[in-house]
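> okay, predicted coordinates and the sequence, questions at the end:
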Amino acid sequence: MSNVKTSVVTGGAGFLGSHLCEQLLREDHRVVCLDNLLTGSIDNIQHLFTNKNFSFIHYDVTNFIHVPGDVQYVWHFASPASPIDYLKLPIQTLKVGSLGTHKALGFTKAKNARFLLASTSECYGDPEVHPQVEEYWGNVNPVGPRGVYDEAKRFAEAMTMAYHRFHGVETRIVRIFNTYGERMRIHDGRAIPTFVSQALRGEDVTVFGDGSQTRSVCYVSDLIDGIYRLMMSDYVMPVNIGNPEELTMLDLAKEIIELTNSKSKIIFTELPVDDPKIRQPDITKARTLLQWEPKVKRNEGLKKTIEYFKGKVKSEKVESIK
């Protein structure tokens, strides 16, 4: 009888999903990655194909999920996750948060496995409580353009808890705050890829509003470590994982311009509808329950991310010349 644990990762070819697959392989799991490649990319997991414990299935998890053999863990990461994606793909975002979560939980129950939902700080909406604690119910506009993502994740949390309470499925919920690092898409609309690629090209760096809105950004390796610890813990209620160090978008833009040695100027554009003004996790639960807190300093994480994007910007230039 093999002692190797099998993990199924939905959305495993995405930014976070691919880093999770790597972590699981380092922890000696057999990893089955499911992704319909709507926003994920084979490029993110190409280097894992030579690992005998890794397999990829091109699949839409809003359909019935079947993976043969024993499965111990299901990590549900499938979903468009950047504003540019879920505004362009509103129905798919709602479907993967509702139907996809339902199918993934049904699969988990059938396998008698443990389930982790990748939820989001967007559940808090434009918060009236600061920093955000897990007990806060949020301030979300359900009919605004961002509602397709926010409400899909809130529904997914409710479905997860229903399977836990009604069916006795072992479940975990992580509320992920802003994360950055290698394998983010250059045009995904989030602040760091946008600022970094603009600065590397020497273009104006576009900051929404007056730049006073805040975010707390966590380097990807720290985030994945926290998520892994949560899955292996005994705690079933939502847990914030993110970096509690808050900064304004204007300060972040200035920092990136300095780190890239760019001559870019900062320009201000209209603030998107329902864009949260503040965002900062209270990570008391993660600290006490998981003995987790971020280790990678922002300066260090941004330097690694900038190196990655240098290659992306360079290959973009090559493509445009062809």
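Perfect, thanks for sending it.
> gap between the two ends of stretch 246-264?
24 Å (Cα to Cα, to the nearest Å).
> what are the buried residues along it?
By neighbour count with 16 or more other Cβ atoms under 10 Å, stretch 246-264 contains the buried residues 246-250, 252-254, 256-257, 259-260, 262, 264. Every residue, glycine included, has its C-beta placed from N, CA and C.
> dump those residues into JSON lines; add distance to Leu25 as well.
Putting these into JSON lines (distance: Cβ to Cβ, whole Å) gives the following:
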{"residue": "Glu246", "distance to Leu25": "33"}
{"residue": "Leu247", "distance to Leu25": "33"}
{"residue": "Thr248", "distance to Leu25": "37"}
{"residue": "Met249", "distance to Leu25": "35"}
{"residue": "Leu250", "distance to Leu25": "39"}
{"residue": "Leu252", "distance to Leu25": "32"}
{"residue": "Ala253", "distance to Leu25": "36"}
{"residue": "Lys254", "distance to Leu25": "38"}
{"residue": "Ile256", "distance to Leu25": "31"}
{"residue": "Ile257", "distance to Leu25": "36"}
{"residue": "Leu259", "distance to Leu25": "31"}
{"residue": "Thr260", "distance to Leu25": "32"}
{"residue": "Ser262", "distance to Leu25": "36"}
{"residue": "Ser264", "distance to Leu25": "38"}
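> which one of the residues you listed is nearest to Asp70?
Glu246 (43.1 Å; Cβ to Cβ).
> I'd say that closest one and Arg215 touch.
Yes: counting by Cβ atoms under 8 Å, Glu246 touches Arg215, with 7.4 Å between them.
> which residues are common contacts for the two?
Taking Cβ atoms under 8 Å, 6 or more residues apart in numbering as the criterion, Glu246 and Arg215 both touch Arg279.
> sorry, back to before: which of the buried residues of stretch 246-264 fall in helices?
Met249, Leu250, Leu252, Ala253, Lys254, Ile256, Ile257, Leu259 (DSSP state H).
> could I get those residues in CSV, plus columns for distance to Glu293?
Shown next, in CSV, are these (distance: Cβ to Cβ, whole Å):
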residue, distance to Glu293
Met249, 23
Leu250, 26
Leu252, 21
Ala253, 26
Lys254, 26
Ile256, 24
Ile257, 28
Leu259, 23
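> how about those in a markdown table, adding distance to Leu117 and pLDDT?
Output for those, formatted as a markdown table (distance: Cβ to Cβ, whole Å; pLDDT from 0 to 100):
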| residue | distance to Leu117 | pLDDT |
| --- | --- | --- |
| Met249 | 28 | 96 |
| Leu250 | 33 | 97 |
| Leu252 | 28 | 97 |
| Ala253 | 32 | 97 |
| Lys254 | 35 | 97 |
| Ile256 | 31 | 97 |
| Ile257 | 37 | 97 |
| Leu259 | 34 | 97 |
